[in-house]
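Colleague: coords please:
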Amino acid sequence: MFWEKEGKLIYSYDGETVCIEAWGKDALRVRATKNRSFTGRDWALEAKDAHAGEVEIFEDPSAKGGAFANMYEGTDTSYGKITNGKLHAVIDSGSVITFYHEDGRVLLKEHFRRLRDEESMPLNIMGREYSNGVGDNFRIVARFVARKGEKIFGMGQYQQHELDLKGCMLELAQRNSQVSVPFYLSSIGYGFLWNNPGVGQVMFANNGTEWVTESGKEIDYLVIAGDTPAEIEENYMTLTGKPPMMPEYGMGFWQCKLRYWNQEQLLSVARKYKELGVPLDVIVVDFFHWTKQGEFKFCLLYTSDAADE
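Modeller: Got it, this is the predicted structure:
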């Protein structure tokens, strides 16, 4: 059920394999699949920033010979534990993963709803779910316990007013003016990256958090512990890559409108700024005038006469 391999904690049961490993400072990466092997893709995690994890395994001797019954009833106390700096994770015999700060606080816990997890809860809802498989792809779901009073920030750029994302449902997809970056900071003291590139959604509900990827081969996520948001962000950027410094011209005044109909109109705007002595660093020629997406020339359909009409 539990074993260690090259500093990784491995759990296997009921056709599922779970791998938890140290990945960067104070961070643990979790991968889980019902395929024969993991994909080996790191996706957003560009650099591993090697930090060895410390693995501890306890096998409950009283559970031997009756593993299934003990797991169902919750009397098997076997567990696997892996520690990396300020963060450690424990996966119990029922496959539930709980993340702890070094001071003992629970930061995050997977949400299973079975008789062994909650009294009078025979729902058999799993914290990690694989369904509707086509080939070696699944609709994958990861569920986590909601924490009362927790505030959630991040996730990229969405067309909405909420700063605290608790209670929000977000689409995990890129659209015009929507930039989905599936990383958030929690007020409890951790960061979370959903490291799955597929289209899906996340719900930060009051009765549970649920991540969904509509088609994928494995669950993949990263948890980072930290004492401040800045510390968590620094560790996150170390693993995913730091953005380059904005060039100097990008710090100045940008002019943008919809739409410039031709080159002469565009140049006349630039000349007017110069005439008025207004510093201008960038003019954005938006895409509505293009002949084709990404083709940098004016479409003859968009003349000044046509625009006036």
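
Colleague: skipping adjacent residues, who's closest to the residue most central in space within the chain in space?
Modeller: The C-alpha lying nearest the average C-alpha coordinate of the chain belongs to Trp194 (Cα atoms, centre = their mean; 2.2 Å). With sequence-adjacent residues excluded and distances taken as Cβ to Cβ, 6 or more residues apart in numbering, Trp194 is closest to Pro182, at 3.8 Å. All C-beta spots, glycine's among them, are computed from the backbone N, C-alpha and C.

Colleague: doesn't Val202 make contact with the one you found?
Modeller: Yes. In this structure, Pro182 sits in contact with Val202. The criterion is Cβ atoms under 8 Å, and the distance is 7.0 Å.

Colleague: which neighbours do these two share?
Modeller: Common neighbours of Pro182 and Val202, counting by Cβ atoms under 8 Å, 6 or more residues apart in numbering, are Met155, Leu172, Trp194, Trp211.

Colleague: tell me which helix or strand the residue nearest to Trp194 sits in.
Modeller: Counting by DSSP states H and E, the element that carries Pro182 is strand 179-186.

Colleague: how distant is that strand from the center of its chain?
Modeller: A distance of 6 Å separates the C-alpha centroid of strand 179-186 from that of its chain, computed with Cα atoms, centre = their mean, to the nearest Å.

Colleague: how about stretch 10-29?
Modeller: The gap between the average C-alpha position of stretch 10-29 and the chain average comes to 16 Å, counting by Cα atoms, centre = their mean.

Colleague: neighbour-wise, which of the shared contacts of Pro182 and Val202 leads?
Modeller: The member of the shared contacts of Pro182 and Val202 that has the most neighbours, counting by other Cβ atoms under 10 Å, is Trp194 with 24 neighbours.

Colleague: ok, that residue to Tyr79 distance?
Modeller: If you measure Trp194 against Tyr79 using Cβ to Cβ, to the nearest Å, the figure is 25 Å.

Colleague: and for Gly154?
Modeller: When distance is defined by Cβ to Cβ, Gly154 is 31 Å away from Tyr79.

Colleague: check Leu107 too.
Modeller: When distance is defined by Cβ to Cβ, Leu107 is 17 Å away from Tyr79.

Colleague: please name the strands paired to the strand holding Pro182 in the sheet, noting orientation.
Modeller: Here strand 179-186 is paired, per DSSP bridges, with strand 152-157 (antiparallel), strand 190-194 (antiparallel).

Colleague: what's the helix or strand for Thr17?
Modeller: Thr17 is located in strand 16-22, with elements delineated by DSSP H and E.
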